[in-house]
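Participant: Predicted model follows, preceded by the sequence.
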Amino acid sequence: MPPQRVQQSEAVREAAAGLAAVERGTARLLQLVESMDDAAARGASALPGWTRGHVLTHLARNADALVNLLTWARTGVEHPMYASRADRDTDIEEGAPRSLWLLEQDVVAACGRFSAAATGLGDTAWQAEVTMTLGRVVRACDVPWKRVSELWVHMVDLDLGLGFADVPADVAERLIGDALAFHRGNGPSVHLTVGARSWDLAGSGPVHNVAGTPGGALAWVTGRGADGVTGDVPDLPSWL
């Protein structure tokens with residue numbers, strides 16, 4: 001009699017899809033880093049006041065912060081993302097001026113630590129609730145998707161020729177939904193249409209009907225401009 005097939009839980013499937021997307025996004029990030037030199041690393045990013053060194057350092061420290069959440073899920077012992085916002089900001093400022101070689105080694109090592117922390121987590125761990133910054137409670141299976149969001153949005157912020165239109169459409173649509181969930185109850189009411197997909201954002205006031213491409217909508221919901229969306233486009237709260 002053949003062995004019975006064990007069906008994966010929804011949390012395990014969600015985590016697996018997220019981790020696959022993390023792997024693809026990380027590969028693309030490392031390609032961008034390899035295209036840089038020290039002068040480029042010291043150059044301005046698309047984020048006001050941040051060089052590309054700031055962005056790369058933030059991506060490394062974000063990976064470590066998400067490792068803390070995965071450790072929390074695995075052990076049941078609380079591990080906040082950052083000791084404090086001040087510590088987070090100090091780490092980024094101190095890391096930004098490093099050479100490209102050191103920045104790259106830091107990013108590679110931090111990405112490796114995230115991958116290792118996610119390896120072997122089971123259904124119970126992936127279903128565990130953890131708390132992100134600003135008190136946002138998520139399931140651990142959502143954590144890989146938080147990393148995917150950081151990777152793609154900040155790859156665009158590096159201002160090295162990669163734009164939101166380069167984000168795979170299926171990934172962009174997932175990240176749009178996640179970003180809108182972050183805005184829920186903290187801004188205007190929106191009905192957003194992207195191709196055959198649509199999302200409703202519950203907020204205040206009348207509903208704003210907005211449409212766009214996956215990349216254009218992702219740029220808008222993450223505070224990177226509204227050039228890729230049309231309709232009655234409102235201002236959204238800041239996205240972190």
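Facilitator: Done, it's in.

Participant: in its sheet, what does the strand ranked longest in the chain sit against?
Facilitator: In the chain, taking DSSP state E as the definition, the longest strand is strand 204-212. Partner strands and pairing direction for strand 204-212 (DSSP bridges) are strand 188-194 (parallel), strand 229-231 (antiparallel).

Participant: Okay, strands next: where are they in the protein?
Facilitator: Using DSSP E, the strands of the chain run over 129-131, 137-139, 188-194, 197-201, 204-212, 229-231.

Participant: Most tightly packed of those strands?
Facilitator: Highest mean neighbour count of these: strand 188-194, a mean of 19 (counted as mean count of other C-beta atoms under 10 Å). Just so you know, the C-beta spots here come from the backbone N, C-alpha and C atoms, and that holds for glycine as well.

Participant: which residues are in contact with it?
Facilitator: Contacts with strand 188-194, where a contact means C-beta atoms under 8 Å, 6 or more residues apart in numbering, come from 173, 176, 180, 198-214, 217, 221, 229, 234-236.

Participant: Does Leu175 touch Leu218 like I think?
Facilitator: Yes: counting by C-beta atoms under 8 Å, Leu218 is a contact partner of Leu175 at 5.7 Å.

Participant: Counting neighbours, go ahead and name the busier of the two.
Facilitator: Each of Leu175 and Leu218 has its neighbours counted (other C-beta atoms under 10 Å); Leu218 has more, 29 against 25.

Participant: Which residues are in contact with Asp64?
Facilitator: Asp64 neighbours (C-beta under 8 Å, 6+ apart): Ala110, Arg113, Phe114.

Participant: Surely Leu218 touches Ile176?
Facilitator: Yes: look at Leu218 against Ile176 with C-beta under 8 Å: they come within range, at 5.4 Å.
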